[in-house]
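>>> Fold the following for me, if possible:
(3 chains)
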Amino acid sequence: MTDRLTALEARLQLLEDQWAISQLVASYGPLVDAGEADRVAALWTEDGVYDVEDFHMRSRADIETMVRSDAHQGLIGAGCSHFLGPAHVTVDGDSAVAVCESVLLVRHKGRIFPARIGANRFELVRTPQGWQTTCRTTRGLDGSAEVRGLLASTGTR
Amino acid sequence: MTDRLTALEARLQLLEDQWAISQLVASYGPLVDAGEADRVAALWTEDGVYDVEDFHMRSRADIETMVRSDAHQGLIGAGCSHFLGPAHVTVDGDSAVAVCESVLLVRHKGRIFPARIGANRFELVRTPQGWQTTCRTTRGLDGSAEVRGLLASTGTR
Amino acid sequence: MTDRLTALEARLQLLEDQWAISQLVASYGPLVDAGEADRVAALWTEDGVYDVEDFHMRSRADIETMVRSDAHQGLIGAGCSHFLGPAHVTVDGDSAVAVCESVLLVRHKGRIFPARIGANRFELVRTPQGWQTTCRTTRGLDGSAEVRGLLASTGTR
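Sure thing, here's the model as predicted:
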């Protein structure tokens, strides 16, 4: 009986981890489009990296600065959606990888345009405050081998 | 042993609730684009509210009427996708909040256009028939403080 | 106590199945846009069917051939996103159905265009290697009754 309980606890823990990570990824778009700079930054560890073409951020402070930047405020002030797809999540003990595609949609003169399509790879760790991102890499889907490699890391560690 | 069982049951119940709510949100697009008026309406409580810019619906009957309206039938007759992103779900006992972004894509003369991008906030309750929506608010992502506030409610109750 | 354990095991198994299927669907876009022909094919059973307007594939070998085709390689070489929405999953013992909408976004001369919107229905079975697709049907959302029927199968078996 104890063995069955222990097995259940381990299986449930894994599902909880996978769910928590999928929810972290699902919260990024709403929070960044709302301009919630500190809550966006809190999705990363204190020294977490967000490596996206236009910006290379190396801390929560850098990520907050990006959300408060004129470039980002201009986007969300006009109306935009950082639309992330459902994440594929691979947990390995206290670390994990999540991969998804994304579309940036922007409003310009009352019309909507898809401005970018992207590949996203999140590396995460379990912390006392829950799962956090140590490194997120985002690249435009431009057909290059590098970007296709990000997508190909789905299901790997 | 009983304590461990009781703890497991509570954790599993929470995951089941979160999953059920994410699935309710995931079913909206396919059902509304199929024109399944009664099944769309059944995602709400009998007196549930669906507050979207063009329509303010206050019951399942109102929601069915919207699905059967010329406006909606025109959209789905031409081909469209009410594409909702993965929901971020926050459960608090017998009530819950889910937030996601959405894109409406429409077909016009054989081409596809993103017609709208939206912020969606669902308030839900547990009923004997499962989770149902008491109030859904949907607004176009126009850069306004009100709409950004909808998104900022991610993870709150 | 044994009854409670047995009930927990059954509930957890169902959630694990639903999660595994949602993850299979979530991995399709990243893998097909990466060009991972064999891993895409492995989402199906050996004689699995992928019935999409332009192609009618009847095996893993056919699916690999599609991924390696000039048509698909041209798309991913220019940069594209097969963006699938969150799947609605219905499990019935060892078989299951998943439904989602999808958008194909393509890059052309540095700009992004939504080229297609689609309805997707996956029929799946439990195998010793996990859940696999026996038949996936994908159709452009063109307003026809057939395609709306695919979406209406959400939540049915």
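>>> in chain A, which spans are helices?
A:2-34, A:37-41, A:60-68, A:70-78, A:145-152 (DSSP state H).
>>> Format those helices as CSV; extra columns: distance to C:Trp44.
(C-beta placed from N, C-alpha, C; glycine too.) Shown next, in CSV, are the helices of chain A (distance: least, Cβ to Cβ, whole Å):
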stretch, distance to C:Trp44
helix A:2-34, 23
helix A:37-41, 38
helix A:60-68, 40
helix A:70-78, 39
helix A:145-152, 18
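>>> can you tell which of the ones you listed is closest to chain C?
Closest approach to chain C among those (Cβ to the nearest Cβ): helix A:145-152, 3.8 Å.
>>> Look at A:Asp47 and say how many residues are nearby.
11 (other Cβ atoms under 10 Å in any protein chain shown).
>>> Give me the distance between it and A:Asp62.
According to Cβ to Cβ, to the nearest Å, A:Asp47 stands 10 Å off from A:Asp62.
>>> Equivalent analysis for A:Val91, please.
Following Cβ to Cβ, the distance that separates A:Val91 from A:Asp62 is 27 Å.
>>> Quick check: residues of chain A near chain B?
Residues of chain A lying close to chain B by Cβ under 8 Å from any Cβ of the partner chain are A:1-2, A:5, A:8-9, A:12, A:15-16, A:19, A:22-23, A:25-27, A:29-31, A:33-36, A:39, A:76-87, A:103, A:105, A:107, A:112-114.
>>> Where is the longest strand in chain A?
Ranked by residue count under DSSP state E, the longest strand found in chain A is strand A:111-127.
>>> now that one and helix A:2-34, what's the angle there?
Angle of strand A:111-127 versus helix A:2-34, following axes from the mean of the first three to the mean of the last three Cα atoms, to 10 degrees, is 140 degrees.
>>> Now strand A:111-127: average pLDDT?
Averaging pLDDT along strand A:111-127 yields 98.
>>> now check that strand, is it near chain C?
Yes. Strand A:111-127 lies within reach of chain C by Cβ under 8 Å from any Cβ, at A:113-117, A:119.
>>> Those, buried ones only, as a ChimeraX selection?
Here is the ChimeraX selection string for the buried members of those, based on 16 or more other Cβ atoms under 10 Å in any protein chain shown:
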select /A:113,114,116,117,119
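>>> Name the nearest of the residues of strand A:111-127 next to chain C relative to B:Ser144.
Checking those against B:Ser144 with Cβ to Cβ, the nearest one is A:Phe113 at 19.2 Å.
>>> Does that closest one touch A:Val103 like I think?
No. If you go by Cβ atoms under 8 Å, A:Phe113 and A:Val103 don't touch, sitting 10.6 Å apart.
>>> shared neighbours, these two?
Shared contacts of A:Phe113 and A:Val103 (Cβ atoms under 8 Å, 6 or more residues apart in numbering or on different chains): C:Ile112.
>>> returning to that earlier point: give me the angle between the longest strand of chain A and helix A:70-78.
Relative orientation of strand A:111-127 versus helix A:70-78 (the same axes, to 10 degrees): 120 degrees.
>>> Just give me the residue closest to the centre of chain A.
With distances taken as Cα atoms, centre = their mean, the residue of chain A nearest its centroid is A:Val25 (4.5 Å).
>>> Would you enumerate the residues in contact with it?
A:84, A:87, A:98, A:100, A:120, A:122, B:86.
>>> Dump those residues to JSON lines, plus neighbour count.
Formatted as JSON lines, those follow (neighbours: other Cβ atoms under 10 Å in any protein chain shown):
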{"residue": "A:Leu84", "neighbour count": "26"}
{"residue": "A:Ala87", "neighbour count": "25"}
{"residue": "A:Ala98", "neighbour count": "26"}
{"residue": "A:Cys100", "neighbour count": "27"}
{"residue": "A:Asn120", "neighbour count": "22"}
{"residue": "A:Phe122", "neighbour count": "27"}
{"residue": "B:Pro86", "neighbour count": "27"}
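>>> nearest to B:Arg58, of these?
Among the contacts of A:Val25, and counting by Cβ to Cβ, the member closest to B:Arg58 is B:Pro86, at 28.1 Å.
>>> And for the closest residue to that closest one other than its chain neighbours, the neighbour number?
Once flanking residues are discounted, B:Pro86 sits nearest to A:Ala26: 4.3 Å by Cβ to Cβ, 6 or more residues apart in numbering or on different chains. Neighbour count for A:Ala26, taken as other Cβ under 10 Å: 27.
>>> before we move on, what about A:Thr134?
Other residues close to A:Thr134 by other Cβ under 10 Å number 16.
>>> Then A:Thr6?
A:Thr6, neighbours per other Cβ under 10 Å, totals 11.
>>> From B:Met1, how far out is it?
Distance of A:Thr6 to B:Met1, computed by Cβ to Cβ: 11 Å.
>>> Kindly report the same for A:Leu14.
From A:Leu14 across to B:Met1, the span is 22 Å (Cβ to Cβ).
>>> go on, A:Glu16?
For A:Glu16 relative to B:Met1 (Cβ to Cβ), the value is 21 Å.
>>> Those two: which is more packed in?
A:Glu16 (16 against 10).
>>> isn't the more buried one right next to B:Leu15, touching?
Yes. Contact criterion Cβ under 8 Å: A:Glu16 and B:Leu15 qualify, at 6.4 Å.
>>> from the chain's centre, how far out does the worst-scoring helix or strand of chain A on mean pLDDT sit?
Using mean pLDDT, DSSP states H and E, strand A:55-57 stands out as the lowest-scoring helix or strand of chain A, at a mean of 91. Centre-to-centre, strand A:55-57 and its host chain are 14 Å apart (Cα atoms, centre = their mean, to the nearest Å).
>>> before we move on, what about stretch A:12-28?
12 Å.
>>> try stretch A:100-107
Worked out by Cα atoms, centre = their mean, stretch A:100-107 lies 13 Å from the chain centre.
>>> do it and chain C meet at all?
Yes. If you take Cβ under 8 Å from any Cβ as the test, stretch A:100-107 does meet chain C, through A:100-101, A:103.
>>> same question for that stretch, mean pLDDT?
The average pLDDT for stretch A:100-107 rounds to 98.
>>> Please convert the residues of stretch A:100-107 next to chain C to JSON lines, extending it with distance to A:Thr138.
Output for the residues of stretch A:100-107 next to chain C, formatted as JSON lines (distance: Cβ to Cβ, whole Å):
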{"residue": "A:Cys100", "distance to A:Thr138": "10"}
{"residue": "A:Glu101", "distance to A:Thr138": "10"}
{"residue": "A:Val103", "distance to A:Thr138": "12"}
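>>> Out of the residues you listed, list just those in strands.
Per DSSP E, strands hold the following members of the residues of stretch A:100-107 next to chain C: A:100-101, A:103.
>>> Any quick PyMOL command for the buried ones out of the residues of chain A next to chain B?
This is how PyMOL selects the buried members of the residues of chain A next to chain B, with burial counted by 16+ other Cβ under 10 Å:
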select buried, chain A and resi 5+8+12+15+16+19+22+23+25+26+27+29+30+31+33+34+35+36+39+76+79+80+81+82+83+84+85+86+87+103+105+107+112+113+114
